[in-house]
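Trainee: no sequence for this one, just the structure:
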Ligand SMILES: Nc1ncnc2c1ncn2[C@@H]1O[C@H](COP(=O)(O)OP(=O)(O)O)[C@@H](O)[C@H]1O
Ligand SMILES: Nc1ccn([C@@H]2O[C@H](COP(=O)(O)OP(=O)(O)O)[C@@H](O)[C@H]2O)c(=O)n1
């Protein structure tokens, strides 16, 4: 699929940072699929649906109304669930703790993938998540698998949460990320794996700018990774 870029990888690897910068540079849209699973989790908790209730979660995912409003100027993009602005609330430790449990439900994934494919129509889009290159758009023009050591990913997430004023402890953040990665990579339905035809970028020790430059070079050269 021309003009579609898929970015996958574990938590805190820098996927959404890269996706946002690339979208701005290429004038593409950006679809954050993690935000969609977080949105379903937010609604399930609000409606007191037991997270082991597969049918309840599936039905909720089939009926949820998720809307994105793109960033414009200095204003960040927002996400709405059934009309409620949940942009900040879907990033809390409570959602972090529960999202992978919701995302492993096949019925939830099927509903989200349907919506994601619809949103991808028309191309000119960067999509990030865990199953983008393997399932959502397996024919994407470019696929990237972005990773970094657990220590580095935890450090990045810890710094981010601290800056937002969330009271956190480094070891807890690290354990939480490791736990989520384990569920995401071991689940039955679309587990996190590197698509065979994705460019692998280990961003440990790389600045955001270095990652962006490497990815842009791959895109500009039509798929050559000069750093490999
Ligand atoms: N190459 C990098 N070097 C240092 N910090 C980074 C890098 N890439 C991303 N970050 C920071 O790490 C945090 C997690 O990045 P994010 O893009 O949210 O990861 P993901 O979407 O993969 O979970 C953010 O605070 C971001 O600013
Ligand atoms: N395509 C996707 C995207 C996210 N997810 C799930 O949603 C969670 C949150 O994704 P995210 O991208 O917002 O998480 P971070 O990497 O930003 O911490 C992941 O841990 C997965 O459980 C998924 O299963 N499939």
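Mentor: Cool, the structure landed. Remember, it's a predicted structure, so these values are computed and weren't measured experimentally. Ligands and ions are numbered 1, 2, ... in the order given.
Trainee: alpha carbons only for contacts and neighbour counts from here, please
Mentor: Will do.
Trainee: any part of the longest helix along the chain near ligand 1?
Mentor: For the chain, the longest helix by residue count, based on DSSP state H, is helix 170-186. No - if you take Cα under 6 Å from any ligand atom as the test, helix 170-186 misses ligand 1, and the best it gets is 9.6 Å.
Trainee: for the helix or strand following that helix, the distance to its chain's centre please.
Mentor: Downstream of helix 170-186, the first helix or strand assigned by DSSP states H and E is strand 199-202. Averaging C-alpha positions (Cα atoms, centre = their mean, to the nearest Å) puts strand 199-202 16 Å from its chain's average.
Trainee: where does the chain have low pLDDT?
Mentor: Where the chain drops to pLDDT under 70, the residues are 228.
Trainee: how about the strands in this protein?
Mentor: 4-8, 29-32, 66-69, 78-81, 84-85, 125-129, 142-147, 199-202 (DSSP state E).
Trainee: which other helices and strands contact the longest helix of the chain?
Mentor: Helices and strands touching helix 170-186, by 3 or more Cα pairs under 8 Å, 6 or more residues apart in numbering; DSSP states H and E, are helix 93-103, helix 150-163.
Trainee: want to throw those into JSON lines with mean neighbour count and distance to residue 23?
Mentor: Output for these, formatted as JSON lines (neighbours: other Cα atoms under 10 Å; distance: least, Cα to Cα, whole Å):
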{"stretch": "helix 93-103", "mean neighbour count": "18", "distance to residue 23": "25"}
{"stretch": "helix 150-163", "mean neighbour count": "17", "distance to residue 23": "21"}
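Trainee: now the ones you listed as TSV including distance to ligand 1?
Mentor: Shown next, in TSV, are the helices and strands packed on helix 170-186 (distance: least, Cα to the nearest ligand atom, whole Å):
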stretch	distance to ligand 1
helix 93-103	11
helix 150-163	4
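Trainee: with mean neighbour count and distance to residue 193 added, can I get the strands of the chain in a markdown table?
Mentor: As requested, the strands of the chain are exported to a markdown table (neighbours: other Cα under 10 Å; distance: least, Cα to Cα, whole Å):
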| stretch | mean neighbour count | distance to residue 193 |
| --- | --- | --- |
| strand 4-8 | 26 | 8 |
| strand 29-32 | 22 | 18 |
| strand 66-69 | 15 | 26 |
| strand 78-81 | 17 | 27 |
| strand 84-85 | 12 | 32 |
| strand 125-129 | 27 | 11 |
| strand 142-147 | 24 | 9 |
| strand 199-202 | 18 | 11 |
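Trainee: tell me which of the ones you listed lies nearest to ligand 2.
Mentor: strand 125-129 (3.6 Å; Cα to the nearest ligand atom).
Trainee: what about that closest one, near ligand 1?
Mentor: No - against ligand 1, strand 125-129 shows no contacts by Cα under 6 Å from any ligand atom, the least distance being 7.7 Å.
Trainee: check contacts around residue 152.
Mentor: Neighbouring residues of residue 152 by Cα atoms under 8 Å, 6 or more residues apart in numbering: residue 204.
Trainee: so which of the helices and strands packed on helix 170-186 is nearest residue 74?
Mentor: Among these, the nearest to residue 74 by Cα to Cα is helix 150-163 (19.1 Å).
Trainee: now that closest one, how far from the centre of its chain.
Mentor: For helix 150-163 - counting by Cα atoms, centre = their mean - the centre lies 16 Å from the chain centre.
Trainee: over to stretch 14-21?
Mentor: Distance of stretch 14-21 from the chain centroid (Cα atoms, centre = their mean) equals 9 Å.
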